[in-house]
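In: 3D model of this:
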Amino acid sequence: MSIGTMTARSGRGPLAGVAVQLVLMAVLAATTGMSAAGWLAGTAYALVLCALLRTGMRKAGMSAMGPANAVTLGRATLVGAVTALVVTSFDRPVALPVLVTLVGVALALDGVDGQVARRTNSTTALGARFDMEVDSFLALVLSVFVASTFGWWALAIGVFRYAFYAATFVAPWLTAALPPRFSRKVVAAVQGVVLVVATASLLPDALIVLAAAGVLVSLVWTFGIDIAWLWRAELGRRATVAAAARRVPAARRAAPAAPAAALARTVARPGRTRRARRPASVSA
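Out: Predicted structure coming up:
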């Protein structure tokens, strides 16, 4: 398959996602209303998502999205609609039941893509990264909405993941693979539930603030555990590299010692050195 053919096929799924995104936004605009800023944010989200997904598929050599990534793309489309409504809420009130419904469906589908990937034997690194980025962006958008009501300190709930990513440019050792940890999954699940509850205002404001603060503390704790583990792994890697660097010069110094020792033994025991025989004389 040629590169051009692969690129064309890999673009069909992401482009379909853009089309669905625009149709969904048009329905929301006709039923609940949407500001120009909301339209701009939702459209920009869809186009950037399409470009990133096409690039990822091309680099991974994927000519088709597959069923699992299609589910994730559907979730991403819902997140785009949520983004448009949250931006619209800066200018005018939005239909909160519609917003909460979109968020609830997007969260309910989380994990379905993973199950589909395992059942169809189509698990890929791109699919896992795609799923994680959709979750992270949804948390960021919801934290913006919650922060506009309960204080901008709540924005830190959604910013944590991106702050960690930005830190990798200063400390590349943070990009190392982390081992699976159940508590990390629990914190992520609780984070999503609290953000939905805060968005829907299902509890008194005092309880929502308390729950959001608890999520923020748990994020500091779980990211702290991961950073500490990565730092210990980096120290171990540096120690291994330093030990290997010390062994190389030692081996180089020991290499010329063998011929020198042999020469010293020869000089010290000249009696054991054979003399060259003289050629026999030829009689006249």
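
In: how about the helices in the stretch 51-200 of the chain?
Out: 66-88, 96-108, 112-119, 125-150, 156-167, 182-200 (DSSP state H, counting those that start in this stretch).

In: ok, and which of those helices has the densest surroundings?
Out: helix 66-88 (a mean of 24; mean count of other Cβ atoms under 10 Å). (C-beta placed from N, C-alpha, C; glycine too.)

In: returning to what we had before: turn the helices of the stretch 51-200 of the chain into TSV, including mean pLDDT.
Out: Listed next are those as TSV, based on pLDDT from 0 to 100:
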stretch	mean pLDDT
helix 66-88	95
helix 96-108	94
helix 112-119	88
helix 125-150	94
helix 156-167	95
helix 182-200	94
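
In: wait, which of these is closest to residue 42?
Out: Nearest to residue 42, of all these, is helix 66-88, at 3.2 Å by Cβ to Cβ.

In: run the angle between that closest one and helix 182-200 for me.
Out: Using axes from the mean of the first three to the mean of the last three Cα atoms, to 10 degrees, the inter-axis angle of helix 66-88 relative to helix 182-200 is 40 degrees.

In: nearest to residue 220, out of the helices of the stretch 51-200 of the chain?
Out: helix 156-167 (8.1 Å).

In: quick one: list the elements packing against that closest one.
Out: The contact analysis (3 or more Cβ pairs under 8 Å, 6 or more residues apart in numbering; DSSP states H and E) places helix 156-167 against helix 125-150, helix 205-254.

In: on that earlier part again, so can I have a markdown table of the helices of the stretch 51-200 of the chain showing distance to residue 237?
Out: Below are the helices of the stretch 51-200 of the chain laid out as a markdown table (distance: least, Cβ to Cβ, whole Å):
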| stretch | distance to residue 237 |
| --- | --- |
| helix 66-88 | 33 |
| helix 96-108 | 37 |
| helix 112-119 | 30 |
| helix 125-150 | 22 |
| helix 156-167 | 18 |
| helix 182-200 | 22 |
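
In: closest one to residue 59 among these?
Out: For those, the distance to residue 59 is smallest for helix 125-150, at 8.2 Å, taking Cβ to Cβ.

In: tell me what angle the closest one forms with helix 66-88.
Out: 20 degrees.

In: any chance of the helices and strands packed on helix 156-167 in JSON lines, with distance to residue 71 too?
Out: Listed next are the helices and strands packed on helix 156-167 as JSON lines, based on distance: least, Cβ to Cβ, whole Å:
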{"stretch": "helix 125-150", "distance to residue 71": "9"}
{"stretch": "helix 205-254", "distance to residue 71": "26"}
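
In: residue 69: which of those helices is closest?
Out: helix 125-150 (5.2 Å).

In: what about residue 176, distance to residue 191?
Out: The gap separating residue 176 from residue 191 is 23 Å, by Cβ to Cβ, to the nearest Å.

In: residue 165 is nearest to which of the helices and strands packed on helix 156-167?
Out: helix 125-150 (8.8 Å).

In: against which helices or strands is the closest one packed?
Out: By 3+ Cβ pairs under 8 Å, 6+ apart, helix 125-150 packs against helix 36-60, helix 66-88, helix 96-108, helix 112-119, helix 156-167, helix 182-200, helix 205-254.

In: the residue lying closest to residue 51 once chain neighbours are set aside and residue 79: what is the separation?
Out: The shortest distance from residue 51 to any non-neighbouring residue, by Cβ to Cβ, 6 or more residues apart in numbering, is to residue 14 (7.9 Å). Residue 14 is 15 Å from residue 79, where distance means Cβ to Cβ.

In: what of residue 57?
Out: Counting by Cβ to Cβ, the gap from residue 57 to residue 79 is 19 Å.

In: in contact with residue 151, which residues are there?
Out: Applying Cβ atoms under 8 Å, 6 or more residues apart in numbering, we find residue 151 in contact with residue 209.

In: and the helices and strands packed on helix 125-150 as JSON lines, adding distance to residue 26?
Out: Output for the helices and strands packed on helix 125-150, formatted as JSON lines (distance: least, Cβ to Cβ, whole Å):
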{"stretch": "helix 36-60", "distance to residue 26": "9"}
{"stretch": "helix 66-88", "distance to residue 26": "11"}
{"stretch": "helix 96-108", "distance to residue 26": "14"}
{"stretch": "helix 112-119", "distance to residue 26": "26"}
{"stretch": "helix 156-167", "distance to residue 26": "27"}
{"stretch": "helix 182-200", "distance to residue 26": "23"}
{"stretch": "helix 205-254", "distance to residue 26": "33"}
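
In: out of those helices, which is closest to residue 20?
Out: Nearest to residue 20, of these and by Cβ to Cβ, is helix 66-88 at 5.1 Å.

In: done for today, thanks.
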